[in-house]
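Student: Could you look at this predicted model? Sequence included:
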Amino acid sequence: MLDYDGEAATYDATRGGEERAAAAAEAVERLLPAGAATVLDVACGTGIVTARLRRPGRAVLGVDRSRGMAAVAAGRMPGGVVLGDAARLPVGTGRVDAVVLVWLLHLLDDAEPVIADAARALRPGGVLITTVDKNRAAFGADSDVARVTAPLREAHGRSPADGRRRVLELGARYGLRPAAETAFDGTGQGRSPADWRRVIEAGRIPWAAAAGPHRTADLCRDLAALPDQHRPRPQPRYRLLALERT
């Protein structure tokens, strides 16, 4: 997993910055309940999205387990960020109107403890808002990179913890029903063939690492043979799902 403490200072600049954050925050806003007064942003990272959710009459608390990320977020939201675990949220039962999980569940082996505790924290009528199928987002549009990587992705991609079907199943188990969906563009996050080679060779792409060194080397050679090595391919389009507490 990424060293979030070490990357905190440069994280935003390498993830689309303010434009990407604005798109994410606008999408979350579309799914928040009318009049939501208490919002918990879990795995808030640098707070670049969290800060945009603040409104008069709405309390927003960011939670992150990384001290480095939380320190950056606290600079944006003094007094509005705490260290905490997504599976043991620092709020009482039935106390918040929304729990937001953007780009978290895909990092987990099992999303159940996180979804269970989010459901516990929500008031009846409150919503859990989460990204789903995050790692598929980069390949939603056809491109030469999508075609070259497809065989290894299909052969070695595991069922993701943030798969839409799995999230819906877990939500139902803990009293959460589907409420709404939306999507937003990962502005500035389209990768070039050279970018893909770099992250694959660094071992940061699970489906490539699972294929083994020989097949990974073959894939990197195929990526190196593509034209326009430094031109970003289509940016990802992320999906957000809202589940309502019954």
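Tutor: Everything's here; your move.
Student: S192 reaches P234, doesn't it?
Tutor: No - here S192 does not reach P234: they are 11.3 Å apart, not a contact under CB atoms under 8 Å. In this view, the C-beta of every residue, glycine as well, is placed from N, C-alpha and C.
Student: mind checking how far the residue nearest to the spatial centre of the chain is from R197?
Tutor: By CA atoms, centre = their mean, the chain has its centre lying nearest to W103, at 0.9 Å. In this view, W103 and R197 are 23 Å apart by CB to CB, to the nearest Å.
Student: For the residue lying closest to R245 once chain neighbours are set aside, give the beta-bridge partners.
Tutor: Distances taken as CB to CB, 6 or more residues apart in numbering put L122 closest to R245, at 4.0 Å, once the chain neighbours are dropped. Beta bridges link L122 to V96 when assigned by DSSP bridges.
Student: what helices or strands is the top helix by length along the chain leaning on?
Tutor: In the chain, taking DSSP state H as the definition, the longest helix is helix 17-31. Packing contacts for helix 17-31, counted by 3 or more CB pairs under 8 Å, 6 or more residues apart in numbering; DSSP states H and E, involve strand 122-132, strand 176-185, strand 237-245.
Student: The last one to strand 122-132, inter-axis angle?
Tutor: If I follow you right, that is strand 237-245. 160 degrees (axes from the mean of the first three to the mean of the last three CA atoms, to 10 degrees).
Student: Show me what strand 237-245 is packed against.
Tutor: For strand 237-245, the helices and strands in contact under the criterion 3+ CB pairs under 8 Å, 6+ apart are helix 17-31, strand 122-132, helix 164-173, strand 176-185.
Student: among these, which is the most enclosed?
Tutor: strand 122-132 (a mean of 22; mean count of other CB atoms under 10 Å).
Student: Lowest mean pLDDT among the helices and strands, pick that one out for this structure.
Tutor: helix 4-7 (a mean of 73; mean pLDDT, DSSP states H and E).
Student: Now it: buried residues?
Tutor: Applying a neighbour-count criterion of 16 or more other CB atoms under 10 Å, one finds 4, 7 buried in helix 4-7.
Student: can you check stretch 44-60 too?
Tutor: Buried residues in stretch 44-60 (16+ other CB under 10 Å): 44-53, 60.
Student: So what would you say the end-to-end distance of it is?
Tutor: Start-to-end span of stretch 44-60 (CA to CA, to the nearest Å) is 11 Å.
Student: quick one: low-confidence parts of the protein?
Tutor: Counting by pLDDT under 70, the chain contains low-confidence ranges at 1-2, 5, 8, 12, 14, 16.
Student: Give me the distance from stretch 33-53 to the chain's centre.
Tutor: 14 Å (CA atoms, centre = their mean, to the nearest Å).
Student: in terms of contact, does K134 touch L240 like I think?
Tutor: No - K134 is beyond contact range of L240, at 10.5 Å (criterion: CB under 8 Å).
Student: Out of the helices and strands packed on strand 237-245, the one nearest G203 is which?
Tutor: For those, the distance to G203 is smallest for strand 122-132, at 23.2 Å, taking CB to CB.
Student: quick one on the thing from earlier: which helix or strand contains the residue nearest to the centre of the chain?
Tutor: For W103, there is no helix or strand it lies in under DSSP states H and E.
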